[in-house]
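**Student:** Need coordinates for the below:
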Amino acid sequence: MRDELTRQLLALGVQPGGVLVVHAAFSKVAPVEGGPEGLIEALQDALGLGGTLVMPSMSDDDDHVFDPKETPCLGMGVVADTFRRMPGVLRSDSPHAFAAIGPKATEITAAHPVDVPHGLDSPVGRVHDLDGQVLLLGVGHDANTTAHLAENMAGVRYRLPYYSTILTGGQPTRYPYGEVDHCCQGFNLLDEWLGSQQRLGMVGHAEARLARSRDIVEAALSRLRENETVFLHPAGACGECDEARASLPGSAGVPPA
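**Tutor:** Residues are numbered from 1 along each chain as shown. From the prediction side, this is the model:
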């Protein structure tokens, strides 16, 4: 089964020796021999020794200081939470952490700011600079963090209020900030926008999407430059998107649906 997964990944277009960000829903891929570890090993086999595997590893808990060795990331799925605990995997020291293994892992997981989780100075930004690929296994673009990179690069002005708990003078301190965010369902427009720049196929029992990070960003940037709210639901259709709209400078707020 692992060999078959590797064959499918290579047929999809995963580049041996490349950099690959993976967002995965294991329940969609399963069954896999060896469970989540078996899937991770198949991904590593496809990339080869020269490749770097990257996964989201964000904290589930904003109320406690992030510990890269111990803090779980169950919200990112069982594959991501298994990956961050595997030998040799590096994890960035941030509540918005990513984990990585391979030649570029140290570069990708270097320190990055808390208040701009998905800018150019972040793991997804570094994957973009390295001309990496993004693989979505059993999930859509609404789970694609690279789309947030495009929003930051476009300079969108909407923000939702968040906080993280960080150490200040050795003491846990709540750190508030505004994050570019919304319900993210609008990211699924990328299926249409990417067209032939996205490869579709099956990996295990999951529908898979594969595209270059730079293609994802460019497809989103061209639309965001024309309309910074292109990813947001129409006013009144979604609470999170209404909050984002209401945060725009000069906004009078959004009436309830």
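**Student:** show me the contacts for the residue nearest the centre of the chain.
**Tutor:** Closest residue to the average C-alpha location of the chain: Thr145 at 3.0 Å, with Cα atoms, centre = their mean. Residues in contact with Thr145, defined by Cβ atoms under 8 Å, 6 or more residues apart in numbering, are 21, 23, 56, 118, 124. Where you see a C-beta, it was placed from the backbone N, CA and C, and this is true even at glycine.
**Student:** what does Val114 give?
**Tutor:** Applying Cβ under 8 Å, 6+ apart to Val114 gives the contacts 94-96, 164, 166, 175, 177.
**Student:** Spatially, which two of the contacts of Thr145 are the most separated?
**Tutor:** Farthest pair in the contacts of Thr145 (Cβ to Cβ) is His23 and His118. Separation: 13.0 Å.
**Student:** For the protein, which segments are assigned as helices?
**Tutor:** 2-12, 26-29, 35-47, 78-83, 105-108, 123-129, 146-154, 190-194, 213-224, 239-246 (DSSP state H).
**Student:** Nearest to Val203, out of the ones you listed?
**Tutor:** Among those, the nearest to Val203 by Cβ to Cβ is helix 2-12 (4.8 Å).
**Student:** Could you list every helix and strand in contact with the closest one?
**Tutor:** The elements that helix 2-12 packs onto, with contact taken as 3 or more Cβ pairs under 8 Å, 6 or more residues apart in numbering; DSSP states H and E, are helix 35-47, strand 199-203, strand 206-212.
**Student:** Export these as JSON lines, with columns for mean neighbour count, distance to Cys238 and mean pLDDT.
**Tutor:** Shown next, in JSON lines, are these (neighbours: other Cβ atoms under 10 Å; distance: least, Cβ to Cβ, whole Å; pLDDT from 0 to 100):
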{"stretch": "helix 35-47", "mean neighbour count": "21", "distance to Cys238": "32", "mean pLDDT": "98"}
{"stretch": "strand 199-203", "mean neighbour count": "17", "distance to Cys238": "27", "mean pLDDT": "98"}
{"stretch": "strand 206-212", "mean neighbour count": "21", "distance to Cys238": "23", "mean pLDDT": "98"}
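**Student:** Select, out of those, the one closest to Ala111.
**Tutor:** The closest of the helices and strands packed on helix 2-12 to Ala111 is helix 35-47. By Cβ to Cβ, the value is 24.7 Å.
**Student:** how big is the angle separating the closest one from helix 2-12?
**Tutor:** 50 degrees (axes from the mean of the first three to the mean of the last three Cα atoms, to 10 degrees).
**Student:** Helix 35-47 relative to strand 206-212, how many degrees between them?
**Tutor:** Counting by the same axes, to 10 degrees, helix 35-47 points 40 degrees away from the direction of strand 206-212.
**Student:** Tell me who's in contact with the closest residue to Leu137 other than its chain neighbours.
**Tutor:** With Cβ to Cβ, 6 or more residues apart in numbering as the criterion, Leu137 has its nearest non-adjacent residue at 4.0 Å, and that residue is Ala24. By Cβ under 8 Å, 6+ apart, the contact set of Ala24 is 39, 55, 77, 79-80, 135-139, 206.
**Student:** mind running it again at 7 Å?
**Tutor:** 77, 79, 137-139 (Cβ atoms under 7 Å, 6 or more residues apart in numbering).
**Student:** and of the contacts of Val114, the nearest to Pro103?
**Tutor:** Among the contacts of Val114, Ser94 lies closest to Pro103 (Cβ to Cβ), at 21.4 Å.
**Student:** Identify the residue spatially nearest to the closest one, adjacent ones excluded.
**Tutor:** Among residues not flanking Ser94 along the chain, His112 sits closest, at 5.7 Å (Cβ to Cβ, 6+ apart).
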